[in-house]
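Visitor: Got a predicted model here, sequence first, then my questions.
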Amino acid sequence: MTNIKPNSSSHKSDPNRRQVLAGSAAVAAIGAFGLPVGAQTTAAPAASGAFASLGVPHIRRDGAEKARGGAKFAAEYSYPGMVYGALVYSTIARGTITSLETAEAEAAPGVVLVMTHENAPRLERPEPFYSSPTGMAGSSTPVMQDAEVLWNGQPVAVVLASTQEEADHAATLINVAYEEAEAVTSFDVAAESAQTSFYAGRDLLIEEGDAETALADAEVSIDLSFNTPAHNHNQIEPHAVTVLWQDGILRMHDCSQGVDLSAITIAKVFGISPAEVHLSAEYVGGGFGGKTVWQYHILAAAASQLADRPVRMSLTREGVFRICGARAPTRQRVALGSDREGRLTSLIHTGTTMKIENNSMTEPFFEQSEHMYRADNMHLEIRAGTMDMLANTFMRAPGAATGTFTLEVALDELAERLAIDPIELRVRNEPEVNPTTGRAHSQRALVDAYREGARRFGWIPRSGQRQGYREGEWQVGTGMAAAYYPYKRFPGGAARITLNGEGGALIETAAADMGMGTTTATAAVASERLGIPYDAIEVRHGDNTLPGALIAAASQQTAAIGASLTAAHEVLLAELASLVPATSPLHGLPAAELGTAEGALYSLADPQQQIPLVDLVALSESGTVSAEAQGGPISEWTQDWSMHSTGAVFTEVRVNSVTGEIRVPRITAIYDCGKILNSKLAESQFRGGIIMALGMTLMEGASFDERNGRVMNPSFGSYYMPTHLDVPHIDVGWTDIPDPQAPTGARGIGEIGMSGPAAAIANAIYDATGKRARDLPIRLDALM
Amino acid sequence: MTYHRPTCLDDAVALLQCAPVEVIAGGTDWYPARGDRPVTSDILDITRVDGLRGIRAAPDGWWIGAATTWTDILRAPLPPDFDALKAAACEVGSIQIQNAGTVAGNLCNASPAADGVPPLLVLEAEVELASATGQRRLPLAAFLTGVRQTALQPGEMMAGLWIRKPAPGRAAFVKLGARRYLVISIAMVAVWLRLDGSLIAEIRIAVGACSPTSVRLTALEAALTGCRVADCATRFHADHFVPLAPITDMRADAPYRADAVQALIARAITEAAL
């Protein structure tokens, strides 16, 4: 905690920040909350009219195609001679296949191939996340290479047939016999040998001072335990791939969150060059961390190779639950010690989660505790046990989703014990600099978010007394919690800008749009950078032949694209400078002294000196001007600054005193995520995250049968998620203060909605009923 | 496998006579129950049988054909006695399920959590079973014999339901689940009642998902007859709920169900009396 702020003057000189520091009235005055703020763009000459792009609520570019049914997803491509795949899943958690009877399936109508470990091509083990910079697989478990079974649900046979029905039918005719081995399918048993986890390049252990002693000595303390279950992403589009080997190229129509990394990972499995894999995913029906490389991709490609036929492999919902991993269960302890004024003297956030032998993914549920509050002593530690189960993986707001639940419930309990308003307690522990790294915040206005949220929600300050009241059978309460998600930007971002002769531009980048609006946001950023009207920008994405190795993950893709466009724009300026005719006053100016705005190249020193871009493009030999570059170094968050998004979430909850039914009629959330690039997309992202969090809080849980390691509810019929009737009015807003260190001023908004509501709801339930819920989901019978 | 789709009842029951067939209408329970298993049996689809779909008013009551869908129920002009049935119709699965699924299918599937049963029990519905040798009528309560078990004999199919015209009353249906829609009931209650001023002149109460088949609580009905609506909940006694045998499952535990049912009954009575 001794680092010096690297550039403490930077954000102080930012005009928007100064206004915010003047108080929330000033924030309201600049119209930042929830309103389009095109006037705040700083491009010179000022963007206006058709050129105003950032902050404008453009509708989603993919919306109309999807509404029309024109958008083509992975399982909607077809090729002559294409066959359909079906999988047979193991029914034991660990052991060996002793026999596979496939003759009946092979003789069944329409069957082209039955593939098992006995005839599958020899394949390398897939590279999982963190095993290499390009690893994109859920685990390194071998894909149908031997008789070993490592989880209940592992594919043990692939059937290809002329129709999906024939394939499904034939799959039922395969008999598999196993010799079962002892499996670890109990959380308790696995927890006994759990070790401090190494995850994302570090041990998940942070110790500052002596937190246990400080807890014991604290004037006020609480020490709480929590349980959260496994979850599933439940994307609206089940995983699917259409595969074709053609002219030495493995062509895959996939539903990937990162086309380039998927292609590289799959190429390595087949021992071919990444250039021999052409993988595209123009439309993806939701990802949430789950649309990465799982066995079905590899099995489809292997079976296609073996049968020499194009293959479509489209998983059933049950198939997704069996072979595509998601969030692991956790057991967490949060202990807080403070003085009488609420100043934290000890913050302990430890616990256990589960992973498998062949992956390196540990649910990092202490991250918010690392960055949100100042505490004199800290002990943060996550132990990971190893179970025989499907590989767990990233799911929207990994760590923060369940970690904010436990931390923010604990703060609520501490506030009550101290008789301090929960907002006030948080404000008193708001850190000046990052509490564990000592770095300066690039931008942080969480206190303003608390204040604005409280005002909009109508928060009644409390000091140790519940404010809940009764309305007939219904007990009504309110609660709040902070939201948290880190800023990240991964390396590998790149983009190509091509100016055409009509005054428009084509942006190409291998980014993924899973429905969150990447292409829309990219067009807006490009429009602003280039000074070309939004509607004249075309975006191509979702194809590994395009520049870059981007991944829609960790809420960082837009930042990665922004940095790539900035870099490509610099190259473009040099290209344009080289085309400036000798007669022009701009002739000879270096790229660094040039800019583009309103369809023209201009001199930064003298903006009146301009040449229309179309005139310059006309001078080029090819009739287009193109520039490609990679995004700059990512040190802004890895070395220089503390960059984290935060928010304040408020909920009203009604609990029926006789049945325990829980209704959430009202949610208000204010986020501090830097600049909001498109208010329409942002509202939708925030609301979507909040609804998913509502499901996590009240309904969701993958029921894992600890006797045999099988997920018992692999369907929408038994894995409950919110329906429209469960979703209340959700009021969202944001501070909209650009982060001076982020490439577009935006820190990313995809996941933060998932953090905060669970604790806010649990705290409101307590306010209503006097009952503390510490296990998710909070079902109605838990409150009786 | 043969898929039979006869257009008259005689042909349908004749098919039942010859060989084992699976009778389906909307198929909304039948197909999911197959899971991944292939269909090998012959199927008798009764949705095209003449006269089997729709609701007819007769002088002494109503006839609901076996192939009548939940949406048909919802759209039919029926007196307030049917409000519980209509409320159940809104909650049987999604709208797509309601468009395909039939009342008779809900009964023949005989799930303890079948939403259609409690409202039909309080209407004292009778089922009409048809076979090649004739037809017979049974009270619904006698038709449902256990979890997934009915009184259907080999060669028999349900032709429809008879509901005798009651003295004009009102009805309500309340369902409890872990979310607001598309949910399998933790418990559900149907109430039909006739008021005399503020007093309950006649009442029928049925509870679903708390016993192997939905049941009427006749002791409770007797205790509440003559009672003021507002006082009903004070008359509840443990003995009234003896017919219930709730289980613990992933949706809720048994004591919770037993407790929740009483609240649901009070709600349903209040709603019906409004």
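Guide: Structure's in. What do you need?
Visitor: Just give the number of residues close to the residue in the stretch 1-150 of chain B that chain A sits nearest to.
Guide: The minimum distance from the stretch 1-150 of chain B to chain A, using C-beta to the nearest C-beta, falls at B:Pro38 (4.8 Å). Every residue, glycine included, has its C-beta placed from N, CA and C. For B:Pro38, the neighbour count with other C-beta atoms under 10 Å in any protein chain shown is 13.
Visitor: Kindly report the same for the one 4 residues further on.
Guide: Burial measure for B:Asp42: 15 neighbouring residues, criterion other C-beta under 10 Å.
Visitor: What residues does chain A have near chain B?
Guide: Residues of chain A that fall close to chain B, judged by C-beta under 8 Å from any C-beta of the partner chain: A:168-169, A:171-172, A:473, A:656, A:658-661, A:698-699, A:703, A:712-713, A:717-718, A:720, A:722-726, A:779-781, A:784.
Visitor: Could you rerun that using 7 Å?
Guide: Contacts of chain A with chain B, taken as C-beta under 7 Å from any C-beta of the partner chain, map to A:168-169, A:172, A:658-659, A:699, A:703, A:720, A:722-723, A:725-726, A:779-781, A:784.
Visitor: OK, contacts around the closest residue to B:Ile184 other than its chain neighbours?
Guide: In this structure, B:Ile184 finds its nearest non-sequential neighbour in B:Ala113, 5.5 Å apart by C-beta to C-beta, 6 or more residues apart in numbering or on different chains. With contact set as C-beta atoms under 7 Å, 6 or more residues apart in numbering or on different chains, B:Ala113 has these partners: B:Ile184, B:Ser185, B:Gly208, B:Ala209.
Visitor: still on that earlier bit, correct me if wrong, but the residue of the stretch 1-150 of chain B closest to chain A is in a helix.
Guide: No. Judged by DSSP: H, G, I helix; E, B strand; the rest coil, B:Pro38 forms no part of a helix; its state is coil.
Visitor: State the distance from it to A:Thr172.
Guide: With the distance defined as C-beta to C-beta, to the nearest Å, B:Pro38 ends up 6 Å from A:Thr172.
Visitor: Verify the contact between the residue of the stretch 1-150 of chain B closest to chain A and A:His169 for me.
Guide: Yes. With contact defined as C-beta atoms under 7 Å, B:Pro38 reaches A:His169; the gap is 4.8 Å.
Visitor: Show me which residues of the stretch 51-200 of chain B are close to chain A?
Guide: So the stretch 51-200 of chain B meets chain A at B:Leu176, B:Ala178, B:Arg179, B:Arg180, B:Tyr181, B:Leu182, B:Val183 (C-beta under 7 Å from any C-beta).
Visitor: ok so, going back, would you quantify the distance from the residue nearest to B:Ile184 to B:Thr248?
Guide: B:Ala113 sits 14 Å away from B:Thr248 when distances are taken as C-beta to C-beta.
Visitor: next one: A:Glu127
Guide: Relative to B:Thr248, and taking C-beta to C-beta, A:Glu127 is found at 45 Å.
Visitor: These two: which is more packed in?
Guide: A direct count of neighbours by other C-beta under 10 Å for A:Glu127 and B:Thr248 places A:Glu127 higher, at 22 against 12.
Visitor: Spatially nearest residue to the more buried one (excluding sequence neighbours)?
Guide: A:Gly135 (3.7 Å).
Visitor: which residues does the one you found contact?
Guide: Here A:Gly135 is in contact with A:Glu127, A:Pro128, A:Phe129, A:Thr265 (criterion: C-beta under 7 Å, 6+ apart).
Visitor: Pull the most distant pair out of the residues you listed.
Guide: For these, the farthest-apart pair by C-beta to C-beta is A:Phe129 and A:Thr265; their separation is 9.6 Å.
Visitor: shared neighbours, these two?
Guide: Counting by C-beta under 7 Å, 6+ apart, the residues touching both A:Phe129 and A:Thr265 are A:Gly135, A:Met136.
Visitor: thought A:Asp705 was touching A:Met712?
Guide: Yes. Using C-beta under 7 Å, A:Asp705 is in contact with A:Met712, at 5.2 Å.
Visitor: how close does the residue in the stretch 51-200 of chain B positioned nearest to chain A sit to A:Arg707?
Guide: With C-beta to the nearest C-beta, the shortest gap between the stretch 51-200 of chain B and chain A falls at B:Arg180, namely 3.5 Å. Relative to A:Arg707, B:Arg180 is positioned 33 Å away (C-beta to C-beta).
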